[in-house]
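K.L.:
Have a look; sequence and predicted model below, questions after that.
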Amino acid sequence: MSQRNLDVHSLAVAAVNARKVPDELLAPGFRMENRATAVTDHTYYGAAGWREWMSDLFEVFAEGARYGVEELIAAGDDFVAAMFCLAGRGARSGEPLEFRWAGVTWFRDGKATLAIGYASRREALEAVGLHE
């Protein structure tokens, strides 16, 4: 397991909460994919894609929504798998709103190369060759 990847993963989560694009943490050609059953079903590319993803993700939430890791489920030499949650209040309704999903981020040389959102913990683990 790479502590550097865990650190980069934590910095990326902090960047999302600060609504910033962590350019320095993204490898050239970085790609983010979300499955149709995850929060969004679009593929995003590079820093501009990260910005677009945040906009898409937070658009249904009122100001103050929090993004975070609920559980680190697996980590290897080149990946971190986690359960994520985005929680806050709906932008229109003001009612409590939460999205939960699993995700895997792959790394090379201390930078994120690929992040994929999954509908379940099982899918995320299978993506890295593990089982529950």
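P.N.:
Looks like it came in fine. Numbers count the residues shown, from 1 in each chain.
K.L.:
Which stretches in this structure count as helices?
P.N.:
For the chain, helices defined by DSSP state H occupy the ranges 3-17, 46-58, 121-127.
K.L.:
starting at the chain centroid, how far to the longest one?
P.N.:
This means helix 3-17. How far helix 3-17 lies from its chain's middle: 10 Å, per C-alpha atoms, centre = their mean, to the nearest Å.
K.L.:
Tell me which residues are up against it.
P.N.:
21-22, 25, 54, 66-69, 72, 75, 77-80, 82, 105, 107, 110-112 (C-beta atoms under 8 Å, 6 or more residues apart in numbering). Bear in mind the C-beta positions are built from the backbone N, C-alpha and C, glycine included.
K.L.:
Please apply the same query to the second one.
P.N.:
Applying C-beta under 8 Å, 6+ apart, the contact partners of helix 46-58 are 16, 19, 21-23, 26, 29-32, 34, 39-40, 42-44, 65, 67, 86, 99.
K.L.:
residue contacts, the spatially most central residue of the chain?
P.N.:
By C-alpha atoms, centre = their mean, the mean C-alpha position of the chain lies nearest to G103, the distance being 6.0 Å. By C-beta under 8 Å, 6+ apart, the contact list for G103 reads 38, 81-82, 84, 115-118, 124.
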